[in-house]
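**Student:** Here's my sequence, what's the structure:
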Amino acid sequence: MKILIAGACGFVGSALAQELRDRRPSPEIWGLDNFLREGSRTNFQPLQAKGIHMVEGDIRRPEDLARIPKVDWVIDCAAEPSVLAGTGTGMTSFDLLDHNLIGTIRMLEFCKQHGAGFILMSTSRVYSIRPLASIRVKSVEGAYRPDFSRSTHPPGLSGHGIAENFPAEPPLSLYGSSKRCAEILALEYGDAFGFPVWINRCGVLAGKGQFGRADQGIFSFWIRSWKERKPLKYIGFDGKGSQVRDCLHPRDLVPVLSAQLDGQKPTDPGDGLDLRICNFGGGLANSSSLSELSDWCEKRFGPREVGSDPQPRPFDLPWIVLDCHRAEKAWNWKPQTTKDGVFTEIASAA
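**Tutor:** Predicted coordinates for the structure are as follows:
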């Protein structure tokens with residue numbers, strides 16, 4: 001078996017490549033990366049040292065893809081990950097779509113050419129902004145929780161989190177729309193040209209190898225900033241850090257990736273939804289508010305002041321926790337790394 005990992009030197013791509021190599025020594029793994037992300041080049045040599053064939057190139061350039069041999073599977077981790085991308089300074093809206101959508105189309109053409117299967121690493125941000133923003137919440141010991149006593153709630157929402165049947169219509173954010181369009185095209189290509197496709201929607205992925213930037217996820221940013229005594233501020237909502245996210249270590253995805261690569265069929269959960277789409281996140285057990293994360297940081301690094309600004313940021317939401325019961329039924333999957341394990345790894349590597 002030959003596997004191509006696109007975006008192999010990014011945080012998620014490199015973590016998956018190394019864990020796949022450690023667990024599966026026999027497949028031939030190729031990695032492709034254009035090194036546009038700060039710090040990504042530092043992962044090149046470690047991956048080579050593990051016997052992964054590394055190629056510097058861009059998935060949007062057919063001539064770069066032509067340097068990759070025929071493969072059996074593509075794992076697409078190449079994307080601009082920030083929900084704010086394309087809406088402010090820096091990356092333009094076209095650049096965002098060029099990376100996240102046109103890049104995926106190039107990979108799908110590559111799969112069509114080689115008859116390769118396709119695994120898209122997608123995101124919880126494909127779920128609709130307005131229903132997410134409308135979730136009624138209450139603060140319980142410094143963390144928001146859905147308040148089901150106050151109003152009706154969108155389909156796909158329960159105390160366990162946001163499930164796959166939650167609305168996914170625009171507006172999503174430009175970033176979310178780029179990933180949702182990529183999902184739809186991946187499914188269309190798979191049906192049209194007869195190759196397998198899996199859509200793995202992930203929550204906040206976190207662990208060592210991140211550089212403490214906000215666009216790499218709040219957990220790494222907060223822990224590193226606390227340790228390095230950089231300014232921190234609770235932004236939006238109650239200004240007290242009650243907003244909640246769940247975290248997942250990328251290595252915990254490898255068992256389900258292995259099953260998908262080996263052609264295993266998921267057990268039908270019986271919910272009538274597309275079996276090719278599934279949530280993979282930390283869930284309630286691995287969720288944390290910023291206030292709770294600050295408590296964890298204070299115990300490890302000591303106290304410090306955190307500012308407060310109740311003015312909300314664009315596209316920010318009070319509570320995003322993925323319900324992964326479908327992954328448990330379909331793939332017998334659960335996250336293995338606790339949130340304390342994720343936080344400790346980030347803190348130790350920072």
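**Student:** Find the nearest non-adjacent residue to the residue nearest the centre of the chain, please.
**Tutor:** Nearest to the geometric centre of the chain sits C202, at 4.2 Å (C-alpha atoms, centre = their mean). Take C202 and drop its neighbours on the chain: the residue closest to it by C-beta to C-beta, 6 or more residues apart in numbering is F280, 5.3 Å away. Using the backbone N, CA and C atoms, a C-beta is placed for each residue, glycine as well.
**Student:** Quickly note the distance from the one you found to P25.
**Tutor:** 24 Å (C-beta to C-beta, to the nearest Å).
**Student:** When these two are compared, which one has more neighbours?
**Tutor:** Shown here are F280 and P25; by other C-beta atoms under 10 Å, F280 has more neighbours (27 against 9).
**Student:** What distance do you get for the more buried one to R60?
**Tutor:** F280 is 26 Å from R60, by C-beta to C-beta.
**Student:** now do the same end-to-end measure for stretch 24-43.
**Tutor:** Chord length of stretch 24-43, first to last residue, is 19 Å (C-alpha to C-alpha, to the nearest Å).
**Student:** Over that stretch, what's the mean pLDDT, rounded is fine.
**Tutor:** The pLDDT scores in stretch 24-43 average 90.
**Student:** If we go by neighbour counts, what in that stretch is buried?
**Tutor:** Across stretch 24-43, burial judged by 16 or more other C-beta atoms under 10 Å covers R24, P27, I29, W30, G31, L32, D33, N34, F35, R37, S40, N43.
**Student:** So which of those sit within helices?
**Tutor:** Within these, no residue falls in helices by DSSP state H.
**Student:** Kindly indicate which of those lies nearest Q216.
**Tutor:** R37 (9.1 Å; C-beta to C-beta).
**Student:** correct me, but that closest one touches V12?
**Tutor:** No - applying C-beta atoms under 8 Å, one finds R37 not in contact with V12, separated by 10.8 Å.
**Student:** and the residue nearest to C202, what are its phi and psi?
**Tutor:** Backbone torsions of F280, given as degrees, to the nearest 10, read phi -140, psi 110.
**Student:** Contact partners for it?
**Tutor:** 200-203, 248, 252-253, 256, 322, 324, 327, 333, 335 (C-beta atoms under 8 Å, 6 or more residues apart in numbering).
**Student:** Same check on F343?
**Tutor:** F219, I223, L293, W296.
**Student:** buried subset of the residues you listed?
**Tutor:** F219, I223, L293, W296.
**Student:** now, which of these sits nearest P303?
**Tutor:** W296 (12.4 Å).
**Student:** Quick check: closest non-adjacent residue to that closest one.
**Tutor:** Nearest one to W296, counting by C-beta to C-beta, 6+ apart, is F343 at 5.8 Å.
**Student:** how about that neighbour, secondary structure?
**Tutor:** Following DSSP: H, G, I helix; E, B strand; the rest coil, the label given to F343 is helix.
**Student:** my guess is L65 meets G103, correct?
**Tutor:** No - applying C-beta under 8 Å as the test, L65 and G103 come out as separate, 10.4 Å apart.
**Student:** which one of these two has more residues nearby?
**Tutor:** G103 (24 against 21).
**Student:** That one sits in which helix or strand?
**Tutor:** helix 103-114 (DSSP states H and E).
**Student:** That helix - contacts with which helices or strands?
**Tutor:** strand 2-6, helix 62-65, strand 73-76, strand 117-123, helix 174-193 (3 or more C-beta pairs under 8 Å, 6 or more residues apart in numbering; DSSP states H and E).
**Student:** Save these as CSV, and put in distance to Y234 and mean pLDDT too.
**Tutor:** Below are those laid out as CSV (distance: least, C-beta to C-beta, whole Å; pLDDT from 0 to 100):
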stretch, distance to Y234, mean pLDDT
strand 2-6, 36, 98
helix 62-65, 43, 96
strand 73-76, 34, 98
strand 117-123, 24, 98
helix 174-193, 23, 97
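**Student:** and F301, which of these is closest to it?
**Tutor:** strand 117-123 (29.7 Å).
**Student:** Stretch 41-53: end-to-end distance?
**Tutor:** 14 Å.
**Student:** oh, I was asking about stretch 210-222
**Tutor:** 12 Å.
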